Structures are given as C-alpha cells and as structure tokens.
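K.L.:
Predicted model follows, preceded by the sequence.
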Amino acid sequence: VQLVESGGGLVQAGGSLTLSCAASGSIFSIKAMGWYRQAPGKQRELVATITNNGGSTNYADSVKGRFTISRDNAKNTMYLQMNNLKPEDTAVYYCNAEHFPTLATMLSSRYLEVWGQGTLVTVSS
C-alpha cells in the first residue's frame, strides 16, 4: 500500500490550500485516515482524522474552524481543505491510513498503518 500526498506549496497568510492523499495498492478496506504535520524542530502532531465512512472527524484545537477533512472512498482519496492559513501552519504534512489488507485481517481487527512521504506547506506572513 502506498500513500501519495499532493497539494502543498507556498501561500500567504490568510490564503487557502487543499491537500490530497491517494491510496493505492493491495487494500481490502481502509479503517481510518488522518493528516499529521511536523514543523521544523517540533514533534509530529495530529491535525485531523476521519473514519471509514466519513461519519466521524476529529481536529486539533489549533485548526478547528479553519481546516476540513474529507474523503472519497470510491477513489481511496482523502483531502484536507485549509483556509485562513497562518505562519504557524508551516510544516510538512503527512497522510496516514489504517487499513485491512484482507477480509481475514478485518474480521480479526488487525490493521496495518502506512504513512505518505509528506508534502511541504509554507505560509508566509
């Protein structure tokens, strides 16, 4: 299974970007997906997560009201709409997925975790 992020770049404060994360490979079912970020000199932190059917989302307090996570299961793709970006949002953004490779692993709740390579978001003041 591979995750490929796209959509990062340079934007001015107050601007918007949309990140995409496409999953490919041997996937039977994706359990949940999420976005994490890591700023220079800091630990990786949770940005937002979304369940398989998109029915439940979770956001870090720092992005609530500005970022929206969504997914298109038919395309095995997840998105992060980022509005009103701030310089402190500057970081490498990583896509994460918890997935079941086979029906047997799903029935036994044994999921695997995979990460994308990251995409850089730079917000200038």
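P.N.:
Cool, got the structure. Owing to the predicted nature of the structure, the values given are computational and were not obtained by experimental measurement. Numbering: from 1, shown residues only.
K.L.:
which stretches of this protein form helices?
P.N.:
For the chain, applying DSSP state H gives helices covering 103-107.
K.L.:
In it, where is pLDDT below threshold?
P.N.:
27 (pLDDT under 70).
K.L.:
For it, identify the residue most remote from the centre.
P.N.:
Distance from the C-alpha centroid of the chain peaks at A104, with 26.1 Å (CA atoms, centre = their mean).
K.L.:
distance of it from E88?
P.N.:
44 Å (CB to CB, to the nearest Å). Using the backbone N, CA and C atoms, a C-beta is placed for each residue, glycine as well.
K.L.:
Contact partners for the residue nearest the centre of the chain?
P.N.:
By CA atoms, centre = their mean, the mean C-alpha position of the chain lies nearest to W35, the distance being 2.6 Å. By CB atoms under 8 Å, 6 or more residues apart in numbering, the contact set of W35 is 19, 21, 47-49, 69, 78, 80, 93-96.
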